[in-house]
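*Asks:* got a predicted model here, sequence first, then my questions.
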Amino acid sequence: MIKYLGSKRVLLPTITGVIASLDGVRTVVDFFSGTSRVGHALKRLGYRVVANDAMTYAHALATCYVQADAERVLADAERLIAELNAVKPSPGYVTETFCERSRFFQPRNGAKIDAIREAIAIKSLDPELEAVCLVSLMEAADRVDSTTGVQMAYLKRWAARSYNDLQLRVPDVLPRVPHGTCEANRLEAHDAAERLTGDVAYIDPPYNQHSYLGNYHVWESLVRWDKPGVYGIACKRVDCKERKSPFNRKADAESALRSFLAAVDCRFLVVSFNNEGFIPRQVMEQLLGEHGEVYTVEREHPRYVGAKIGIHNLRGEKVGRVSHLTNKEFVYVVVPESYPWRPPTPQPEASALKPGS
C-alpha cells in the first residue's frame with residue numbers, strides 16, 4: 001500500500017485484537033478509511049467492512065481493498081494490468097505538472113503514468129475493476145516518487161527509488177466474506193455517521209491542521225483525472241484552498257467530533273488518535289465517556305519520517321531542529337456500561353491498557 005502519514009500498520013494487531021474481543025461483531029464501519037489498511041485487514045479476518053472517506057483517492061483504495069471481491073475482478077484485473085504495463089510512455093499532465101513544474105517523479109516515469117492513466121480512462125471500466133487498476137497505478141507511482149511520504153513537498157535531490165522504472169503490480173484483492181457484501185463510500189464524515197451502521201465503528205479522524213487532500217493531492221488528481229489548475233512549488237490542486245475539514249481546525253475539532261459521535265449508530269466504538277492531535281487524551285476520554293465505558297491503549301510510535309530530516313525552508317535549507325522523534329498513539333475502546341467486557345491481552349507494542357480516567 002502507499003506510504004501514508006498516520007498509517008496504522010504497526011497498530012493493526014491491537015486494533016484487530018480489540019475488535020475480535022467484542023462479542024457478536026460481523027460488520028465494522030471504517031469512517032475515515034484512508035489507505036484502507038485497517039479495512040483490508042478486517043476483511044481478511046472475515047468481517048463485513050463498510051468503508052468511508054471523503055477523498056476520491058481513498059474511495060478508490062477502499063473500492064479495491066474492501067468492496068471488490070477477488071472472485072469478481074481478479075482474473076480481469078490481472079489481464080488488464082499486464083496490458084497496461086505494456087503501454088508506451090506519452091508525456092501529458094503528470095509529466096508537465098509533477099516532473100517539469102515540480103519534481104515528484106522522473107520525467108520518463110511521469111510519461112508512463114500519463115499513458116497508463118489515459119488508457120484506463122478510455123476503457124470505461126466497471127467501477128470496481130477501474131479502482132483496482134487505479135490503485136495499481138497509484139502504488140506503482142508511490143514506489144518511484146521522490147518525497148518523504150507526503151506531497152506537501154518533494155526532495156531537494158532525487159530519491160534513489162525515483163530512478164527505478166515504474167511497474168504495475170496486481171493489488172492484494174481479497175475474496176468475499178460470509179457476512180455480506182463489503183462497501184466503499186465517499187461521504188463527508190457527519191453524513192456517513194447518519195447513513196452507515198454496523199456493530200463496531202472504527203474512527204480514525206484527522207488529528208491536526210494537516211489536510212489529507214494537501215498531503216496527497218497528487219493521488220487525488222491522478223484518480224479524479226480532472227487535470228486541475230495548481231499553485232505553489234508543490235503544484236497542489238487549487239481546490240486544496242477550498243476543501244477544508246473542521247477536523248483540521250483546532251477551534252472546531254472537538255465540536256466536530258462531538259457532533260459526529262452523536263450521529264454514529266454502532267454498539268461499540270474504537271477510536272484512534274495521538275498525543276499530537278488537537279484533542280488531549282483527558283478531553284477525548286471525557287467526550288467518549290458520554291457513549292459508554294472507555295478503555296485506552298497507549299504506545300510509543302515513531303513520528304512521520306519527515307521529522308528525521310529536520311525542518312527546511314522552501315529553498316531546501318535546514319532552518320530548525322526537530323524536538324522529538326516519537327509520539328504516543330492512543331486506541332480508545334468504548335463499550336456499553338452494562339457490557340461485561342474484559343480487555344484482551346495487550347499486544348506486544350502496547351504499553352498500557354486500562355479504563356479511561
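*Replies:* Sure thing, it's come through.
*Asks:* use CA for all of it now, contacts and neighbours both
*Replies:* OK.
*Asks:* how close does Leu22 sit to Gly34?
*Replies:* 24 Å (C-alpha to C-alpha, to the nearest Å).
*Asks:* actually Glu337, sorry about that
*Replies:* Distance of Glu337 to Gly34, given as C-alpha to C-alpha: 30 Å.
*Asks:* those two: which has the busier surroundings?
*Replies:* Neighbours per residue (other C-alpha atoms under 10 Å) separate Glu337 from Gly34, with Gly34 holding more: 28 against 12.
*Asks:* run through the residues that contact the more buried one.
*Replies:* If you count contacts by C-alpha atoms under 8 Å, 6 or more residues apart in numbering, Gly34 has them with 53, 58, 61-62.
*Asks:* could you redo the last one with a cut-off of 6 Å?
*Replies:* Ala58 (C-alpha atoms under 6 Å, 6 or more residues apart in numbering).
*Asks:* and it, that's in a helix?
*Replies:* No. Going by DSSP: H, G, I helix; E, B strand; the rest coil, the assignment for Gly34 is coil, not a helix.
*Asks:* what about it, distance to Cys64?
*Replies:* In terms of C-alpha to C-alpha, Gly34 sits 12 Å off from Cys64.
*Asks:* kindly report the same for Glu220.
*Replies:* 15 Å.
*Asks:* out of those two, which sits in the more crowded spot?
*Replies:* Taking neighbours as other C-alpha under 10 Å, Glu220 and Cys64 compare with Cys64 leading, 30 against 21.
*Asks:* show me what contacts the more buried one?
*Replies:* 131-132.
*Asks:* same thing but 8 Å
*Replies:* 128-129, 131-132, 135, 171, 173.
*Asks:* so what pLDDT did the nearest residue to Ile2 once chain neighbours are set aside get?
*Replies:* Leaving aside its sequence neighbours, Ile2 sits nearest to Glu139 (C-alpha to C-alpha, 6 or more residues apart in numbering; 5.5 Å). Note on Glu139: pLDDT of 98.
*Asks:* could you do the one 3 residues further on as well?
*Replies:* Each residue has a pLDDT score; the one for Asp142 is 97.
*Asks:* ok, His324 next?
*Replies:* Taking His324 on its own, its pLDDT is 48.
*Asks:* ok, now Glu83?
*Replies:* 98.
*Asks:* what's in contact with whichever helix or strand it is part of?
*Replies:* Assessed by DSSP states H and E, Glu83 sits inside helix 70-85. The contact list for helix 70-85, computed with C-alpha under 8 Å, 6+ apart, reads 116, 119, 128-129, 132-133, 136, 167-170, 173-176.
*Asks:* now intersect these with the helices, please.
*Replies:* If you go by DSSP state H, the contacts of helix 70-85 have 116, 119, 128-129, 132-133, 136 in helices.
*Asks:* could the residues you listed go into a markdown table alongside distance to Ala77?
*Replies:* As requested, those are arranged in a markdown table below (distance: C-alpha to C-alpha, whole Å):
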| residue | distance to Ala77 |
| --- | --- |
| Ile116 | 14 |
| Ala119 | 14 |
| Glu128 | 10 |
| Leu129 | 6 |
| Val132 | 7 |
| Cys133 | 7 |
| Ser136 | 10 |
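*Asks:* give me the ChimeraX select line for those, limited to the buried ones.
*Replies:* Selection of buried members from the ones in helices among the contacts of helix 70-85 for ChimeraX, criterion 16 or more other C-alpha atoms under 10 Å:
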select :116,128,129,132,133,136
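*Asks:* out of the ones in helices among the contacts of helix 70-85, which is nearest to Asp191?
*Replies:* Checking these against Asp191 with C-alpha to C-alpha, the nearest one is Glu128 at 22.9 Å.
*Asks:* state the distance from the closest one to Ala75.
*Replies:* 13 Å.
*Asks:* same question, Leu125
*Replies:* 14 Å.
*Asks:* can you list the residue ranges for helices in the chain?
*Replies:* Counting by DSSP H, the helices of the chain are 12-20, 37-44, 56-62, 70-85, 93-95, 107-123, 127-142, 189-195, 212-215, 217-224, 250-263, 281-289.
*Asks:* now the angle from the helix holding Glu83 to helix 127-142?
*Replies:* 50 degrees (axes from the mean of the first three to the mean of the last three C-alpha atoms, to 10 degrees).
*Asks:* now do the buried residues in helix 70-85.
*Replies:* By neighbour count on 16+ other C-alpha under 10 Å, the buried set for helix 70-85 is 70, 73-74, 77-78, 80-81, 84-85.
*Asks:* I'd like these as JSON lines, with distance to Leu155 appended.
*Replies:* Formatted as JSON lines, the buried residues of helix 70-85 follow (distance: C-alpha to C-alpha, whole Å):
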{"residue": "Ala70", "distance to Leu155": "37"}
{"residue": "Val73", "distance to Leu155": "37"}
{"residue": "Leu74", "distance to Leu155": "36"}
{"residue": "Ala77", "distance to Leu155": "33"}
{"residue": "Glu78", "distance to Leu155": "33"}
{"residue": "Leu80", "distance to Leu155": "33"}
{"residue": "Ile81", "distance to Leu155": "29"}
{"residue": "Leu84", "distance to Leu155": "28"}
{"residue": "Asn85", "distance to Leu155": "27"}
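*Asks:* need the max-distance pair from the ones in helices among the contacts of helix 70-85.
*Replies:* The distance between the two most remote of those (C-alpha to C-alpha) is 17.2 Å, for Ile116 and Glu128.
*Asks:* outline the domain layout of the protein.
*Replies:* As given by automatic domain parsing, the domain ranges for the chain are 1-53+179-206+247-357, 70-173+207-244.
*Asks:* worst average pLDDT in the ones you listed?
*Replies:* Among these, domain 1-53+179-206+247-357 scores lowest, at a mean of 85.
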